[in-house]
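>>> Sequence isn't available, so here's the structure alone:
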């Protein structure tokens with residue numbers, strides 16, 4: 001799949017990383033749907049995961065990136081939506097594998113415990129890796 005649009009959202013703990021990754025996405029020529037928030041005022045992460053899931057489900061975005069303090073809350077909230085396959089990744093190998101084996105369409109990052117360089121590496125692997133299909137397709141189909 002050729003990615004054209006990526007939705008990105010965070011909670012208040014992921015604002016800076018969200019901004020840095022949005023710059024990278026735009027530099028790759030991708031349309032970025034920045035779903036907020038726009039300040040470090042405390043927000044509820046499920047609201048932003050829901051916004052991103054809506055963009056995935058509507059087809060406005062092919063992929064998404066979510067960031068919260070641990071990444072766990074965003075993953076849980078996003079995966080409540082049937083068309084979303086969100087994966088919390090701490091390194092580029094995990095991001096590559098979740099695309100190859102799980103056809104993940106949402107990358108979730110732990111804003112409080114990942115460096116910007118590692119987050120950028122995760123993003124690159126997530127965007128540049130295709131789903132292998134084959135034996136994995138049957139398993140992924142069971143998620144839908």
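Sure thing, it's come through. None of these values were measured; they are calculated from a predicted model. Numbering: from 1, shown residues only.

>>> need the helices for the chain, in chain order.
Under the criterion DSSP state H, the chain carries helices at the ranges 15-27, 45-58, 72-78, 92-102, 116-128, 135-141.

>>> TSV please, covering those and showing mean pLDDT and mean neighbour count.
In short, each C-beta sits where N, CA and C put it, glycine included. Listed next are the helices of the chain as TSV, based on pLDDT from 0 to 100; neighbours: other CB atoms under 10 Å:
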stretch	mean pLDDT	mean neighbour count
helix 15-27	97	17
helix 45-58	97	20
helix 72-78	98	21
helix 92-102	98	19
helix 116-128	98	19
helix 135-141	91	11
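
>>> and of the ones you listed, who's closest to residue 85?
With CB to CB as the criterion, residue 85 lies closest to helix 92-102 of the helices of the chain, at 6.0 Å.

>>> and that closest one, what does it pack onto?
Under the contact criterion of 3 or more CB pairs under 8 Å, 6 or more residues apart in numbering; DSSP states H and E, helix 92-102 touches strand 86-88, helix 116-128, helix 135-141.

>>> Turn these into TSV, columns for distance to residue 28.
Below are these laid out as TSV (distance: least, CB to CB, whole Å):
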stretch	distance to residue 28
strand 86-88	20
helix 116-128	7
helix 135-141	25
